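In: coords please:
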Amino acid sequence: MKNYLKEIALFTAKDATGTSLVYPVSDWQHIMFCLSSQTSANFTIKFQGSFSDTAPTFSAAQSATNRWDYIQVKDYQNNSAIDGDTGVAFAGTDDVRMFELNTNGLKYIAATITARSAGSANLHLSGFNNE
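Out: Predicted coordinates for the structure are as follows:
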């Protein structure tokens with residue numbers, strides 16, 4: 001039996017660069033993301049994670065006291081791995097993409113939109129445990 005987390009919106013019609021809200025994930029084995037774009041979106045989104053006991057500032061530079069990194073996600077469409085430093089690029093399309101993140105001890109996650117020139121993004125997450 002699986003235990004599911006109700007869907008949470010991290011971005012809604014986000015039409016600028018920036019970082020999502022920080023979400024605690026230590027209670028969940030797996031996180032699913034649903035990313036959708038609209039109005040001919042053109043942007044890159046990168047997923048971030050941290051093992052820190054307190055939430056880092058994902059919008060600030062990484063450092064010895066602000067410990068986080070970009071993290072890999074798996075594309076549900078073709079099961080390919082997407083490198084965290086590369087992120088997911090949207091280019092002039094309205095699309096929906098789904099990804100999975102294996103939390104493996106992560107305590108906090110966030111996502112950052114970079115290199116945006118058009119359109120907007122919606123990002124939702126849900127979690128589950130195998131029980």
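
In: Which of the residues in stretch 63-82 are classified as buried?
Out: 68, 70-71, 73-74, 82 (16 or more other C-beta atoms under 10 Å). From N, CA and C alone the C-beta is placed, and that goes for glycine too.

In: And the strands in the protein, which stretches?
Out: 2-4, 8-14, 18-19, 23-24, 30-50, 69-70, 73-75, 81-82, 88-93, 96-102, 108-130 (DSSP state E).

In: ok, the fifth one: who's next to it in the sheet?
Out: Read it as strand 30-50. strand 69-70 (antiparallel), strand 88-93 (antiparallel), strand 96-102 (antiparallel), strand 108-130 (antiparallel) (DSSP bridges).

In: Apart from its chain neighbours, what residue comes closest to Ser50?
Out: Trp68 (4.1 Å; C-beta to C-beta, 6 or more residues apart in numbering).

In: Pretty sure the one you found sits against Gln48.
Out: Yes. With contact defined as C-beta atoms under 8 Å, Trp68 and Gln48 form a contacting pair (5.3 Å).

In: That's all I had, so thanks and see you.
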